[in-house]
Each structure stands twice: as structure tokens, then as C-alpha cells.
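[1] quick one: sequence and predicted model below, then my questions.
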Amino acid sequence: MAMVQCAWCGGKGIDDSKLNSPCNVCGGDGFVNVPDPPTKCGRCRGTGKVTDSNSHRDEKCSGCGGSGWAS
Ligand SMILES: [Zn+2]
Ligand SMILES: [Zn+2]
């Protein structure tokens, strides 16, 4: 396993989209555990976000859950 930066919060551990509550992708650590070697999620290309086609808001990627990394 490898510790990599959480893409959803950018490693801050804070979810900016939810009024500064702890990031629930990484549990507030800013890092997530992924299999070694770390591989970026192909669906969101490592951003952890996909733009909803209806609301045009950033949503958590369904491929990686927002971490930006394949697991
Ligand atoms: Zn996070
Ligand atoms: Zn993804």
C-alpha cells in the first residue's frame, strides 16, 4: 500500500464544498491508502471530481469516490 494525497481536498483534510467540514473521502487525514504503485483514476484523470452534466457542479467521481486514485 502507498499513502497518496487525497484529490478531493487537495491534501488539506478539509472539504471546501461542505463549509470546511472534514473531508469524508480521506477521513480528514489528507491522504488515502491505495495499492502500490499508485494509479490515477482513469475516470476523473486523478482529479477526484466529475462535473455533473445537469447541475454543472463538481461531484465526487464514482470511479474512485473522490480520492483521485484507482483502488
Ligand atoms: Zn480528503
Ligand atoms: Zn476518479
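    It's in. Ligands and ions are numbered 1, 2, ... in the order given.
[2] for residue 11, report the pLDDT, please.
    Per-residue pLDDT puts residue 11 at 97.
[3] assumed it was part of a strand.
    No. Remark: residue 11 does not belong to a strand; assigned using DSSP: H, G, I helix; E, B strand; the rest coil, it is coil.
[4] mind checking how far it is from ligand 2?
    Note on residue 11: its distance to ligand 2, by CB to the ion, to the nearest Å, is 16 Å. Quick note: C-beta positions are derived from backbone N, CA and C, even for glycine.
[5] how deep is that residue tucked in, by neighbour count?
    16 (other CB atoms under 10 Å).
[6] that one reaches residue 3, doesn't it?
    No. Under the criterion of CB atoms under 8 Å, residue 11 makes no contact with residue 3, lying 10.6 Å away.
[7] identify the contacts common to these two.
    Contact criterion CB atoms under 8 Å, 6 or more residues apart in numbering; residues shared by residue 11 and residue 3: residue 31.
[8] need the residues of the chain near ligand 1, please.
    Neighbours of ligand 1 within the chain, by CB under 5 Å from the ion: 6, 8, 9, 23, 25, 26.
[9] now do the contacts for the fifth one.
    If you count contacts by CB under 8 Å, 6+ apart, residue 25 has them with 6, 8, 9, 15, 32, 48, 60, 65, 66, 67.
[10] next one: the third one
    For residue 9, the residues meeting the contact criterion (CB under 8 Å, 6+ apart) are 15, 16, 23, 25, 26, 30.
[11] could you redo the last one with a cut-off of 6 Å?
    Applying CB atoms under 6 Å, 6 or more residues apart in numbering to residue 9 gives the contacts 15, 23.
[12] got it, and the last one?
    When contacts are counted by CB under 6 Å, 6+ apart, residue 26 touches 6, 32.
[13] same deal with the first one?
    Contacts for residue 6 (CB under 6 Å, 6+ apart) come out as 25, 26, 30, 32, 67.
[14] closest to ligand 2 out of those?
    residue 67 (7.3 Å; CB to the ion).
[15] wait, is residue 4 part of a strand?
    Yes. Under three-state DSSP, residue 4 falls within a strand.
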